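1. Sharing a model that was predicted from the sequence below.
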Protein chains: 2
Amino acid sequence: MKVGFIGTGVMGSSLVKHLLTAGHDVIIYTRTAKKAESLVQAGAKLVESPKEVARAAETIFTMVGYPSDVEEVYFGDNGILENAQQGAVLVDLTTSKPNLAKRIFEEAASKGLKALDAPVSGGDIGAQKGTLSIMVGGAEPHFQAVLPLLELMGENIVYQGPAGSGQHTKMCNQINIATNMIGVCESLVYAKKAGLDPEQVLRSISSGAAGSWSLSNLAPRMIAEDFAPGFYIKHFIKDMKIAAEEAELMGLDLPGLRLSLGMYEKLAEQGYSENGTQALIKHFE
Amino acid sequence: MKVGFIGTGVMGSSLVKHLLTAGHDVIIYTRTAKKAESLVQAGAKLVESPKEVARAAETIFTMVGYPSDVEEVYFGDNGILENAQQGAVLVDLTTSKPNLAKRIFEEAASKGLKALDAPVSGGDIGAQKGTLSIMVGGAEPHFQAVLPLLELMGENIVYQGPAGSGQHTKMCNQINIATNMIGVCESLVYAKKAGLDPEQVLRSISSGAAGSWSLSNLAPRMIAEDFAPGFYIKHFIKDMKIAAEEAELMGLDLPGLRLSLGMYEKLAEQGYSENGTQALIKHFE
């Protein structure tokens, strides 16, 4: 199948490789052409605009940075919606705004195109291993149509409902993490201040009722003062802002999310945007 | 061995059974004698005061409710410290104040007694199955001496350091849970308000970076509106208050813990003290 892929960053590149390995013709576009070199060597066809991808492919994946990038790639002059083939399936893997996903879906439908929002979780390593969790919104038949391709990328692929539902589900994911990160940090600073050995404390608490992915995976990095980005603070702030905006639109008060977003924004002001989310511990030190 | 056990509530009873099964002579005291009937049938000897337990046993476990109960049982007129045999090991399994644990340790040492603080995590079911996590503070040789008995009760048994360290470690555990619970609730109310199916959302997010014991075990109960206590709100408030007091003594600001404690105290005022901690979802509804 002719598959398009727009945005071949760290995660996108891994996903393009899975598509190539499965024998698909992959047409790619990325703003920084240098990032695509290894993919071209692996057999991908690099083109010069989203428009060219849209004209060539039957299914088009997008995985870009911010909602403004998504908007540009879909609605821009050289964008997908203007140029895609009749009946094409458009799958946005970017974590972006639920309302933007709905707008894309409606505009796509009016042009005979099929749009899905399908943000992922699982990071670089999940993308590499093809074990991502993929949360999908849109029309269920379109989801079914694209499922074989998604199965090359992820393991836990769940249809969540109409357009925007994938993004909303991802927001649930980020809201959970946001507040849990505070607990992980507070328990570590408490441990240190109380004179405990934080690694020994983790041995006691990681596998019980306090256990979490963040406690098992990020607390050890906090202790080791390893702030290399698994997930960038700047991206987490983007996600939390979307969640906070959506919550406000729905009339929901989420004080935990607000508290976490405030802490991360302060860290960003202090220059930690390019650190991994585990650098939240610096807020408490 | 002659083993004493003071406080045979739901968890204590299970632990006494493990001691009996292993062939120990178990002398028990509990404020509500009725609670001890099945233990007496199983072979435990019920006596009428902590004093009688203290006089009869070489190792004495305590598992009572509040720090004030711990204080009474250890320092009271009919208490353990006044009446225990020379060389006895005293193990407090109650979640209680680190500073009280230190006081007990010092007073015990001055009388030739060996005190450990050893709060547990894992709940009713962990006690029943003998799979508790036990976090131990005190002198390491005393820990080694009592380890064979602790191994009848738990699986993850970690020596954490001098007197009070077990309690401090338990506080780290509770601080983690406190804040994580907010994230679990906020993501569920967001899911509902966004029109998602919360169970379907859990399928997407429970096994990834948002995953936690609370999300896997308590979120389904929140969705089912099952508020039966696994862990009582009143006991969680006790624990969080101890953690908050200790943090203040150490000059630590823990806004996540404060936020959670405030929410739970409000729920308690509204009459939910006897509910399980998953009733936090009511705060958001």
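-> Nice, thanks for sending it over.
2. ok, A:Arg258 - how many residues close by?
-> 17 (other Cβ atoms under 10 Å in any protein chain shown). Glycine gets a C-beta too; all of them are placed from N, C-alpha and C.
3. pLDDT score assigned to A:Ala36?
-> pLDDT recorded at A:Ala36 is 92.
4. and it, that's in a strand?
-> No. Judged by DSSP: H, G, I helix; E, B strand; the rest coil, A:Ala36 forms no part of a strand; its state is helix.
5. Next one: it from chain B, what distance?
-> Distance of A:Ala36 to chain B, given as Cβ to the nearest Cβ, to the nearest Å: 28 Å.
6. Wait, that residue touches A:Ile28, no?
-> Yes. Shown here, A:Ala36 and A:Ile28 form a contact pair, counting by Cβ atoms under 8 Å, at 5.8 Å.
7. so what pLDDT did the closest residue to A:Val10 other than its chain neighbours get?
-> Nearest non-adjacent residue to A:Val10, counting by Cβ to Cβ, 6 or more residues apart in numbering or on different chains: A:Asp124, 5.4 Å away. Listed pLDDT for A:Asp124 reads 85.
8. in chain A, which spans are helices?
-> Taking DSSP state H, the helices of chain A run over residues A:10-21, A:37-41, A:50-56, A:67-75, A:80-83, A:98-110, A:123-129, A:140-150, A:165-193, A:198-205, A:213-217, A:219-223, A:233-249, A:255-269.
9. B:Val146: which of those helices is closest?
-> With Cβ to Cβ as the criterion, B:Val146 lies closest to helix A:198-205 of those, at 16.7 Å.
10. Redo the helices of chain A as CSV? Include distance to B:Tyr272.
-> Shown next, in CSV, are those (distance: least, Cβ to Cβ, whole Å):
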stretch, distance to B:Tyr272
helix A:10-21, 43
helix A:37-41, 56
helix A:50-56, 53
helix A:67-75, 39
helix A:80-83, 50
helix A:98-110, 32
helix A:123-129, 38
helix A:140-150, 39
helix A:165-193, 21
helix A:198-205, 26
helix A:213-217, 27
helix A:219-223, 31
helix A:233-249, 24
helix A:255-269, 19
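11. any idea of the mean pLDDT in stretch A:52-59?
-> On average, stretch A:52-59 scores 97.
12. what's the offset of the helix or strand of chain A with the lowest mean pLDDT from the middle of its chain?
-> In chain A, the helix or strand scored least confidently by mean pLDDT, DSSP states H and E is helix A:123-129, which has a mean of 91. Centroid separation between helix A:123-129 and its chain, computed with Cα atoms, centre = their mean, to the nearest Å, is 11 Å.
13. Report the buried residues of that helix.
-> Applying a neighbour-count criterion of 16 or more other Cβ atoms under 10 Å in any protein chain shown, one finds A:123, A:126-128 buried in helix A:123-129.
14. Hmm, A:Gln200 and A:Lys192 touching each other?
-> No. A:Lys192 lies out of contact with A:Gln200 (Cβ under 8 Å); the separation is 11.7 Å.
15. quick revisit: now, which of the buried residues of helix A:123-129 lie close to chain B?
-> Among those, proximity to chain B is found for A:123, A:126 (Cβ under 8 Å from any Cβ of the partner chain).
16. So stretch A:78-98, near chain B or not?
-> Yes. On the criterion Cβ under 8 Å from any Cβ, stretch A:78-98 is in touch with chain B at A:Pro98.
17. Show me what counts as buried in that stretch.
-> A:78-81, A:83-84, A:88-98.
18. Then stretch A:59-79?
-> Buried residues in stretch A:59-79 (16+ other Cβ under 10 Å): A:59-67, A:69-71, A:73-74, A:78-79.
19. end-to-end on it?
-> 15 Å (Cα to Cα, to the nearest Å).
20. and if you look at stretch A:203-220?
-> 11 Å.
21. taking the mean pLDDT, what do you get for it?
-> Stretch A:203-220 comes out at a mean pLDDT of 96.
22. and if you look at stretch A:39-47?
-> The average of the pLDDT scores along stretch A:39-47 is 97.
23. residues bridging contact with A:Ala36 and A:Ile28, i.e. touching both?
-> A:8, A:44, A:46 (Cβ atoms under 8 Å, 6 or more residues apart in numbering or on different chains).
24. number of nearby residues for the last one?
-> I take that to be A:Leu46. Neighbourhood size, A:Leu46 [other Cβ under 10 Å]: 17.
25. Isn't A:Gly112 up against A:Gln85?
-> No. Using Cβ under 8 Å, A:Gly112 is not in contact with A:Gln85; the gap is 9.3 Å.
26. still on that earlier bit, can you add distance to chain B and give the shared contacts of A:Ala36 and A:Ile28 back as a markdown table?
-> Below are the shared contacts of A:Ala36 and A:Ile28 laid out as a markdown table (distance: Cβ to the nearest Cβ, whole Å):
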| residue | distance to chain B |
| --- | --- |
| A:Thr8 | 23 |
| A:Ala44 | 28 |
| A:Leu46 | 32 |
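27. Can you tell me which of these end up in strands?
-> A:Leu46 (DSSP state E).
28. ok, of the shared contacts of A:Ala36 and A:Ile28, which one's closest to A:Ser260?
-> A:Thr8 (30.6 Å).
29. do you know how far the nearest residue to the closest one once chain neighbours are set aside is from A:Ile125?
-> In this structure, A:Thr8 finds its nearest non-sequential neighbour in A:Thr30, 4.3 Å apart by Cβ to Cβ, 6+ apart. Going from A:Thr30 to A:Ile125 by Cβ to Cβ, to the nearest Å gives 21 Å.
30. So which bits of the longest strand along chain A are buried?
-> Criterion DSSP E: the longest strand present in chain A is strand A:154-161. Residues of strand A:154-161 classed as buried: A:154, A:156-161 (neighbour count, 16+ other Cβ under 10 Å).
31. That one vs chain B: in contact?
-> Yes. Between strand A:154-161 and chain B, judged by Cβ under 8 Å from any Cβ, the touching residues are A:156, A:158, A:160-161.
32. so can I have a markdown table of these showing pLDDT and distance to A:Glu246?
-> What follows is the residues of strand A:154-161 next to chain B, written out as a markdown table (pLDDT from 0 to 100; distance: Cβ to Cβ, whole Å):
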| residue | pLDDT | distance to A:Glu246 |
| --- | --- | --- |
| A:Asn156 | 96 | 23 |
| A:Val158 | 98 | 19 |
| A:Gln160 | 98 | 15 |
| A:Gly161 | 98 | 15 |
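33. closest to chain B among those residues?
-> For the residues of strand A:154-161 next to chain B, the residue nearest chain B by Cβ to the nearest Cβ is A:Val158; the value is 4.6 Å.
34. thought the closest one was touching B:Asp197?
-> No. A:Val158 is beyond contact range of B:Asp197, at 10.0 Å (criterion: Cβ under 8 Å).
35. roughly how far apart are the closest residue to A:Tyr272 other than its chain neighbours and A:Glu186?
-> Leaving aside its chain neighbours, A:Tyr272 sits nearest to A:Ala279 (5.1 Å; criterion: Cβ to Cβ, 6+ apart). Note on A:Ala279: its distance to A:Glu186, by Cβ to Cβ, is 15 Å.
36. Check A:Gly79 too.
-> 45 Å.
37. rewinding a little: can you give me the angle the longest strand of chain A makes with helix A:140-150?
-> Using axes from the mean of the first three to the mean of the last three Cα atoms, to 10 degrees, the direction of strand A:154-161 lies 170 degrees away from that of helix A:140-150.
38. Next, name the residue at the spatial heart of chain A.
-> Nearest residue to the geometric centre of chain A (Cα atoms, centre = their mean): A:Thr95, 4.4 Å.
39. Let's test this: what are the backbone torsions at it?
-> phi -80, psi 120 (degrees, to the nearest 10).
40. what's near enough to touch it?
-> A:119-120, A:167, A:170, A:174, A:235, A:238-239, A:242.
41. Tell me where the model's unsure across chain A.
-> Residues of chain A meeting the criterion pLDDT under 70: none.
42. domain ranges for it?
-> A:2-162, A:168-283 (the TED database).
43. Could you save those as a markdown table and add columns showing distance to B:Leu259?
-> Below are those laid out as a markdown table (distance: least, Cβ to Cβ, whole Å):
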| stretch | distance to B:Leu259 |
| --- | --- |
| domain A:2-162 | 25 |
| domain A:168-283 | 6 |
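44. Much appreciated, bye for now.
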